[in-house]
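Engineer: next one to model:
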Amino acid sequence: MISLTNVRAKHAVALTLLCVMLSGCGGKEPVVPPETTAKVSSGTDAESSTELAANLPNVDYGGYTFTIAFRDQSGFDWVGDIGASEQNGEVVNDAKFARNQKVEEQLGINIETYVMSGDRYGDSAAASILAGDTEYDLIAPHAHLAWSSYIAQGLALNWSDNMTWCDFDKPWWDQDSRSSLSVEGRIYTMAGDFSYYAFAYTRALVFNKSILADLGEDMPYQTVLDGEWTFDEFNRLSLLATNDLNGDSKYDLDNDQYGYVTNYWGGPIAFLFAGGGRTTQKDKDDIPYFTLGDERSVTIYDKFFSMMSADGMEIIRSGSTDSFRKTFCDGRMLFTDMPLLDMDQLRDMKDDWGILPLPKLDESQENYSSIVDAGVQLYVVPVNADDPERTSVILEAMSYEGWKNVIPAFYETALQDKYARDDESVMMLDIIKNSRVFDFGYFTCQVDKLHRIGCAGYYLSIQDSKDLSSYCAQFLPAAEAELEGFIDRIRESN
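Structural biologist: Below you'll find the predicted structure:
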């Protein structure tokens, strides 16, 4: 097993190389987590010149129980995003346990996780807030419900004005979630490294190294670093890899070799953002408006669905991934996509495999873009929280310690077994983490007409016509009206 110290050291070396290699192609410069254990300074102390530290007050909350409420969805361990009841030798679990224990001792609190029994999406805590109860300090609903059941109903605290000790400029807070998920300059939910799922649910490509080697192709790592990992290059390699192994002139997952397979919740959504598209942008007043259907998004979907029309390229019309992930694990598929968290399913794969960001539309695109799956949870603070300042101190401490220890632990887990233990692999993870996208339309589209636009790739993949322009002409007017009403409710209730 790789030690966390070695992972941090390798991470630092990789990031140094990454900064140099990306300096000429518009990459964001990542920040290296400190190698040493940082001391939390008082509220007035300056940060150390040798390490980046959280700026927190010297407080003791006298054993206060900080309660986080999670949804109860069968088959998903949502509590595992933060909670760790004991050490068990599993790297990420033990890092979370150590982080929680350190924050508890530092601030004089007890961190308690609570499961909202039978609540699949996590909206039942709204009734508690409406009743005036203050039993939860933090609530973790499905991302869509965070908006429709809490924020739009005036039940979520405005972080911008109340989370006074959260320093959102620090690298343990995600800047795309900060800019994309605000409304009129107000933040109601924020992705920070107190939640490692905000990274682990980022979608990426995995590829079969043995297939590429057999084709005489180089691994695409340098292509990524050179800014040349594009739709065209992805398509070229995919088509090279397809092979009708049994010669029956048709492709099936049990017998043939594929270039790329995904399902309707995967590639059709992720490639829009990978290509630099968005469903929404912001006006000068920080109000979201729909941009889906613009020239770029039309180009992206024309190209994506054209690629997917070839033999050996397939979109499975199902929410399940079992069939095509088995084909990938059996060594008969070059590419597939998945959230980073799911990569532990590949541990028993015989062939060597690697990880890549999804490709850019073309070389003129400045950065890679990696969408965070909107099935993940977003955290809200109840509007009636009795001590928002205390909550802000706790979240800042947890995010800092998560950035310093839990995220590197997740790197270690990803870098074990069949996944290459090399600097290129670390750099791919760094690119993916620093290119995360939290698109407003995608993350708020629980309501029907908004869902038609926020998840347009899903709907296009299950209908015969793949023409985005005609699709938007049909569905965008109603969605725009619904978005306006949605924003009005947020504005009026807060």
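Engineer: find the nearest non-adjacent residue to residue 429, please.
Structural biologist: residue 411 (6.0 Å; CB to CB, 6 or more residues apart in numbering). Backbone N, C-alpha and C define where each C-beta goes, glycine included.
Engineer: in contact with residue 481, which residues?
Structural biologist: Neighbour list for residue 481: residue 449 [criterion: CB atoms under 8 Å, 6 or more residues apart in numbering].
Engineer: how far does the helix or strand where it lies sit from its chain's centre?
Structural biologist: Using DSSP states H and E, residue 481 sits within helix 468-493. Chain-centre distance of helix 468-493: 24 Å, with CA atoms, centre = their mean, to the nearest Å.
Engineer: and that helix, what's buried?
Structural biologist: 468, 471, 472, 475, 476, 479, 482, 483, 486, 487, 489, 490 (16 or more other CB atoms under 10 Å).
Engineer: hang on, isn't residue 269 packed against residue 455?
Structural biologist: Yes: Residue 269 is in contact with residue 455 according to CB atoms under 8 Å; the separation is 6.3 Å.
Engineer: show me the common contact partners of those two, please.
Structural biologist: Contacts common to residue 269 and residue 455, judged by CB under 8 Å, 6+ apart, are residue 442.
Engineer: name the residue in these two with the higher neighbour count.
Structural biologist: residue 269 (26 against 19; other CB atoms under 10 Å).
Engineer: please, which helix or strand holds residue 273?
Structural biologist: helix 267-274.
Engineer: what's the first helix or strand after that helix?
Structural biologist: Per DSSP H and E, the helix or strand that comes after helix 267-274 is strand 280-282.
Engineer: report all helices and strands that that following strand contacts.
Structural biologist: strand 288-290, helix 440-443 (3 or more CB pairs under 8 Å, 6 or more residues apart in numbering; DSSP states H and E).
Engineer: from the chain's centroid, how far away is the last one?
Structural biologist: From the chain centre to the centre of helix 440-443 is a distance of 13 Å (CA atoms, centre = their mean).
Engineer: now do the buried residues in that helix.
Structural biologist: Residues of helix 440-443 classed as buried: 440, 441, 442, 443 (neighbour count, 16+ other CB under 10 Å).
Engineer: give me the neighbour count for the closest residue to the third one other than its chain neighbours.
Structural biologist: By the measure of CB to CB, 6+ apart, the closest residue to residue 442 outside its immediate chain neighbours is residue 454, 4.6 Å from it. By other CB under 10 Å, the residues close to residue 454 number 27.
Engineer: would you confirm that residue 454 contacts residue 444?
Structural biologist: Yes: with contacts counted by CB under 8 Å, residue 454 reaches residue 444, the gap being 6.8 Å.
Engineer: on that earlier part again, helix 468-493 and the helix holding residue 273, what's the angle between them?
Structural biologist: 70 degrees (axes from the mean of the first three to the mean of the last three CA atoms, to 10 degrees).
Engineer: CA atoms of helix 267-274 as PDB?
Structural biologist: Extracted C-alpha coordinates of helix 267-274, given in PDB (Å, rounded to 0.1, in the frame of the first residue of the first chain):
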ATOM      1  CA  GLY A 267     -21.800  10.700 -21.900                       C
ATOM      2  CA  PRO A 268     -24.800  12.500 -23.300                       C
ATOM      3  CA  ILE A 269     -24.700  14.900 -20.300                       C
ATOM      4  CA  ALA A 270     -21.000  14.900 -19.600                       C
ATOM      5  CA  PHE A 271     -19.800  15.700 -23.100                       C
ATOM      6  CA  LEU A 272     -21.800  19.000 -23.200                       C
ATOM      7  CA  PHE A 273     -19.700  20.300 -20.400                       C
ATOM      8  CA  ALA A 274     -16.500  18.600 -21.500                       C
END
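Engineer: returning to that earlier point: the residue nearest to residue 429 and residue 338, how far apart?
Structural biologist: Residue 411 is 17 Å from residue 338, where distance means CB to CB, to the nearest Å.
Engineer: neighbour count: the two, which is higher?
Structural biologist: residue 411 (26 against 21).
Engineer: so the more buried one, which state does it fall into?
Structural biologist: At residue 411 the chain is in helix, as set by DSSP: H, G, I helix; E, B strand; the rest coil.
Engineer: what's the weakest-modelled helix or strand in this structure?
Structural biologist: helix 4-22 (a mean of 46; mean pLDDT, DSSP states H and E).
Engineer: and the next helix or strand past it?
Structural biologist: strand 64-70.
Engineer: list the contacts of that following strand.
Structural biologist: Counting by CB under 8 Å, 6+ apart, 78-79, 81-83, 108-116, 122, 125, 135-140, 377, 379, 390-391, 394 sit against strand 64-70.
Engineer: what of stretch 116-132?
Structural biologist: Outside of stretch 116-132, the residues within contact range by CB under 8 Å, 6+ apart are 69-74, 78, 135-136, 139-142, 144-145, 149-150, 153, 155, 377, 382-384.
Engineer: in that stretch, what counts as buried?
Structural biologist: Result for stretch 116-132 [16+ other CB under 10 Å]: buried residues 116, 119, 121, 122, 123, 124, 125, 126, 128, 129.
Engineer: nearest to residue 334 among these?
Structural biologist: If you rank the buried residues of stretch 116-132 by distance to residue 334 using CB to CB, residue 121 comes first, at 35.5 Å.
Engineer: roughly how far does that closest one sit from residue 95?
Structural biologist: Relative to residue 95, residue 121 is positioned 28 Å away (CB to CB).
Engineer: helices or strands up against the helix or strand harbouring residue 176?
Structural biologist: Residue 176 is located in helix 175-180, with elements delineated by DSSP H and E. The contact analysis (3+ CB pairs under 8 Å, 6+ apart) places helix 175-180 against strand 436-437.
Engineer: derive a ChimeraX selection command for the buried subset of the contacts of stretch 116-132.
Structural biologist: In ChimeraX syntax, the buried subset of these is picked out as below (16+ other CB under 10 Å):
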select :69,70,71,72,73,78,136,139,140,141,142,144,145,149,150,153,155,377,382,383
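Engineer: out of the contacts of stretch 116-132, which sit inside helices?
Structural biologist: 144, 145 (DSSP state H).
Engineer: so of the contacts of stretch 116-132, which ones are in strands?
Structural biologist: Among the contacts of stretch 116-132, the ones falling in strands (DSSP state E) are 69, 70, 139, 140.
Engineer: shouldn't the last one be in contact with residue 76?
Structural biologist: No: taking CB under 8 Å as the contact criterion, residue 140 and residue 76 are not neighbours in contact, 11.6 Å apart.
Engineer: could you list the low-confidence segments of this protein?
Structural biologist: By pLDDT under 70, the low-scoring segments of the chain are 1-50, 414-423, 494.
Engineer: switch the cut-off to 50
Structural biologist: Along the chain, the parts satisfying pLDDT under 50 run over 1-10, 12-49, 417-418, 420-421.
Engineer: many thanks, I have nothing further to ask.
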